[in-house]
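A.B. asks: build the 3D model from these lines:
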Amino acid sequence: MHNEHAPGKMALLLALSEEPQHMIEELRSRGLRSCAGKVGSTEVHKILTAIETAAIREHIVAQNTRELHALYHAAFDSMHGLLRGDLGLGSLLRTVGGRFGVVRLDTPESGWIAVAVYGTIGSFMKGREHEAAGLGVSHI
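C.D. replies: Have a look, this model is predicted:
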């Protein structure tokens, strides 16, 4: 895999981007499918659902296929990184707010999907949160 097409690196840059639409257009010109969005919740399943919905809506993955299964694993892995391994939020009095990026690379040999999430995690009290990021990459 060439470094300029590394889906994990591109997903991280997309999640960090203040102007994701410009980067999505650039990635499309390189043959990569991608989408970005914002998330915020005290429930992990709501964050995973937002990522899944965006990826289906933007035709990154097809619904009810192994592609969706690969997306789920990448998104789940990204949440482990973001939440430092413990997938509890509201039950642990934590909340997350941030942005995500999804990038898919298809080659003649294989396919890869990457999900990155960047934002803040912390208690419900403003000013008590800190930056965090997570990345998951899965083979399709």
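
A.B. asks: list the buried residues for the lengthiest helix in the chain?
C.D. replies: For the chain, the helix with the greatest residue count under DSSP state H is helix 66-82. By 16 or more other C-beta atoms under 10 Å, the buried positions in helix 66-82 come out as 67-68, 70-72, 74-79, 82. Backbone N, C-alpha and C define where each C-beta goes, glycine included.

A.B. asks: what does stretch 58-70 contact?
C.D. replies: Stretch 58-70 has contacts (C-beta atoms under 8 Å, 6 or more residues apart in numbering) with 33-35, 52, 54-56, 71, 102, 104, 111, 113, 138-140.

A.B. asks: contact partners for Gly7?
C.D. replies: Gly isn't right for residue 7; it's Pro. Contacts of Pro7 (C-beta under 8 Å, 6+ apart): 32, 103-105, 112-114, 137.

A.B. asks: any chance of these in CSV, plus neighbour count, pLDDT and secondary structure?
C.D. replies: Formatted as CSV, the contacts of Pro7 follow (neighbours: other C-beta atoms under 10 Å; pLDDT from 0 to 100; DSSP: H, G, I helix; E, B strand; the rest coil):
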residue, neighbour count, pLDDT, secondary structure
Leu32, 21, 94, coil
Val103, 31, 98, strand
Arg104, 26, 96, strand
Leu105, 24, 95, strand
Trp112, 21, 95, strand
Ile113, 29, 97, strand
Ala114, 29, 98, strand
Val137, 21, 97, strand
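
A.B. asks: if we can go back for a sec, buried members of the contacts of stretch 58-70 into PyMOL, please.
C.D. replies: Those of the contacts of stretch 58-70 that count as buried under 16+ other C-beta under 10 Å are selected in PyMOL with:
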select buried, resi 33+34+35+52+54+55+56+71+102+104+111+113+138+140
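
A.B. asks: and which of the contacts of Pro7 is nearest to Leu14?
C.D. replies: Val103 (6.4 Å; C-beta to C-beta).

A.B. asks: how near is that closest one to Arg94?
C.D. replies: Separation of Val103 from Arg94 (C-beta to C-beta, to the nearest Å): 27 Å.
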